[in-house]
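[1] Quick one: sequence plus predicted model below, questions after.
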Amino acid sequence: QKEVEQDPGPLSVPEGAIVSLNCTYSNSAFQYFMWYRQYSRKGPELLMYTYSSGNKEDGRFTAQVDKSSKYISLFIRDSQPSDSATYLCAMSAANAGNMLTFGGGTRLMVKP
Amino acid sequence: GAGVSQSPRYKVAKRGQDVALRCDPISGHVSLFWYQQALGQGPEFLTYFQNEAQLDKSGLPSDRFFAERPEGSVSTLKIQRTQQEDSAVYLCASSPGLSGNTIYFGEGSWLTVV
């Protein structure tokens, strides 16, 4: 079993919908949590970065971390066709801060 | 350029051939990382440099993989005697500080071994 699990999708939603993307993990040492967006044939782009448990909001994006459940989420409000991409969660431990462990990615399609 | 630059973008190698992949990080970035991304998977850590020092190479899958950053800027990932299982996207990333949490990726070098 992988340390970080993510539903591969694809997840198809209509434009304007609220999107919920999730990851579960098994390593309780993870303290830093990130979400990356990756367009086809491009490198991952950092969207959100959070430390420990709690919520963080940035525009249409909200990241939530629940360390007690080992569960993180990314919410996208008012989704746009340009949000169509693969979303990767990533995390790291305090004593291994230079290595990110990624989920497998969820492919999102927002239909106009 | 403003971002992390990688070359070649696409490489087809015959099995057994040696390949070299180049990464030009964002100017002034101290930390440099290599990740491997198989088709349909998330990136997996290969190695980490702080300036010219290779501080972590725990993710390199075999001794056929070698990375260097001799002057603390440009880095090269070399794969000797390529095998079909080496086919993947090789992503380079850099960070201005010492942390690997907020890093900036290049577009990757797509390697296909035939």
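    Good, I have the coordinates.
[2] Give me the below-cutoff pLDDT ranges for the chain.
    All of this is about chain A. A:95-97 (pLDDT under 70).
[3] try again with chain B
    Per-residue confidence for chain B (pLDDT under 70) gives these ranges: B:1.
[4] which residues in it form strands?
    Using DSSP state E, the strands of chain B run over residues B:5-7, B:10-13, B:19-24, B:31-37, B:44-50, B:53-56, B:65-68, B:75-79, B:88-95, B:104-105, B:109-113.
[5] Any idea which of the ones you listed gets closest to chain A?
    strand B:104-105 (3.5 Å; Cβ to the nearest Cβ). For every residue, glycine as well, the C-beta is placed using N, CA and C.
[6] Parallel or antiparallel, list what pairs with the closest one.
    strand B:88-95 (antiparallel) (DSSP bridges).
[7] what is the orientation angle of the partner strand with strand B:109-113?
    Angle of strand B:88-95 versus strand B:109-113, following axes from the mean of the first three to the mean of the last three Cα atoms, to 10 degrees, is 160 degrees.
[8] my guess is residue B:74 contacts residue B:23, does it?
    Yes - using Cβ atoms under 8 Å, residue B:74 is in contact with residue B:23, at 6.8 Å.
[9] Looking at these two, which has the bigger crowd around it?
    residue B:23 (27 against 14; other Cβ atoms under 10 Å in any protein chain shown).
[10] Please produce CSV containing the strands of chain B, extended by distance to residue A:44.
    Formatted as CSV, these follow (distance: least, Cβ to Cβ, whole Å):
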stretch, distance to residue A:44
strand B:5-7, 13
strand B:10-13, 18
strand B:19-24, 15
strand B:31-37, 9
strand B:44-50, 12
strand B:53-56, 19
strand B:65-68, 19
strand B:75-79, 17
strand B:88-95, 7
strand B:104-105, 5
strand B:109-113, 14
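[11] With respect to residue A:32, which of these lies nearest?
    strand B:88-95 (12.8 Å; Cβ to Cβ).
[12] The closest one: how far from the chain's middle?
    In terms of Cα atoms, centre = their mean, to the nearest Å, the centre of strand B:88-95 is set 5 Å apart from its chain centre.
[13] How about stretch B:73-85?
    The mean C-alpha position of stretch B:73-85 is separated from the chain mean by 8 Å, Cα atoms, centre = their mean.
[14] That one: which residues count as buried?
    B:73, B:75, B:77, B:79, B:82 (16 or more other Cβ atoms under 10 Å in any protein chain shown).
[15] The fourth one pairs with what?
    For residue B:79, the beta-bridge assignment (DSSP bridges) gives partners residue B:19, residue B:65.
[16] Same check on the second one?
    In this structure, residue B:75 has the following beta-bridge partners (DSSP bridges): residue B:23.
[17] Residue B:95 now?
    Beta-bridge partners, per DSSP bridges, of residue B:95: residue B:31.
[18] hang on, it packs against residue B:49?
    No - at 10.6 Å, residue B:95 and residue B:49 do not qualify as touching, with contact defined as Cβ under 8 Å.
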